[in-house]
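Enquirer: need coordinates for the following:
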Amino acid sequence: MSRVSAGVRDTHDTACVAGQGQTHQSTHKLVWENKHQELSKEKIKHQKYVQRKNKEIRDLLEELDDLKASDRNLKIRLRSVTNELAVLKQGGMYSSRQPATNRGRTRTSSTEKNICKQLPSSASKYKMRTPSPSGARFPRFDPTAYVQEKTRRQRESNLK
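Expert: Numbers count the residues shown, from 1 in each chain. Just a heads-up that it's a prediction; the model follows:
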């Protein structure tokens, strides 16, 4: 072999080795890029998962706040109705019941506040009193009987 042919062979061998190195580097680069893309997809997926969970937490906290407010309102209403019941059992003839137009946001009426002020200390402890045997209670108002009595009186006055 001559020197020229040996030089060509060395150049060819170096080019082959260099070509293999470039191929090896490009393969590593492709693998790295693929792994980087996979990592980016996983990050995005995880971020969406975290956002979804955070939204669920916010919704549940809001629902919890609403339920706490509802619970507070129901406890207040229970207290006022219990006080009203205690007053009525003591012989009170008036009622503070009013048609509830907005049940979600109940407020105590001035009548209910007055009932609470009028209660003696024993009634505020919700003690049950037994009805007296003397029958001191007034009978309940009967609107039908009232109308019938009124028409009977009118007839009697017309007959006279």
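Enquirer: in the chain, where is pLDDT below threshold?
Expert: Within the chain, the ranges that satisfy pLDDT under 70 run 1-21, 92-137.
Enquirer: and the helices in it?
Expert: Along the chain, the stretches classed as helices by DSSP state H are 3-89, 110-118, 121-124, 143-159.
Enquirer: kindly compare burial across those and name the winner.
Expert: The highest mean neighbour count among those, using mean count of other C-beta atoms under 10 Å, belongs to helix 110-118: a mean of 14. All C-beta spots, glycine's among them, are computed from the backbone N, C-alpha and C.
Enquirer: measure Thr23 to Lys75 for me?
Expert: 77 Å (C-beta to C-beta, to the nearest Å).
Enquirer: Leu61 too?
Expert: 21 Å.
Enquirer: can you check Ser40 too?
Expert: Remark: distance between Ser40 and Lys75 (C-beta to C-beta) = 52 Å.
Enquirer: before we move on, what about Lys29?
Expert: 68 Å.
Enquirer: and what of Gln148?
Expert: Counting by C-beta to C-beta, the gap from Gln148 to Lys75 is 43 Å.
Enquirer: now Val147
Expert: 40 Å.
Enquirer: please apply the same query to Thr82.
Expert: 10 Å.
Enquirer: try Glu62
Expert: Counting by C-beta to C-beta, the gap from Glu62 to Lys75 is 21 Å.
Enquirer: can you check Arg52 too?
Expert: Taking C-beta to C-beta, one finds Arg52 at 35 Å from Lys75.
Enquirer: next one: Gln154
Expert: 49 Å.
Enquirer: how about Lys68?
Expert: 11 Å.
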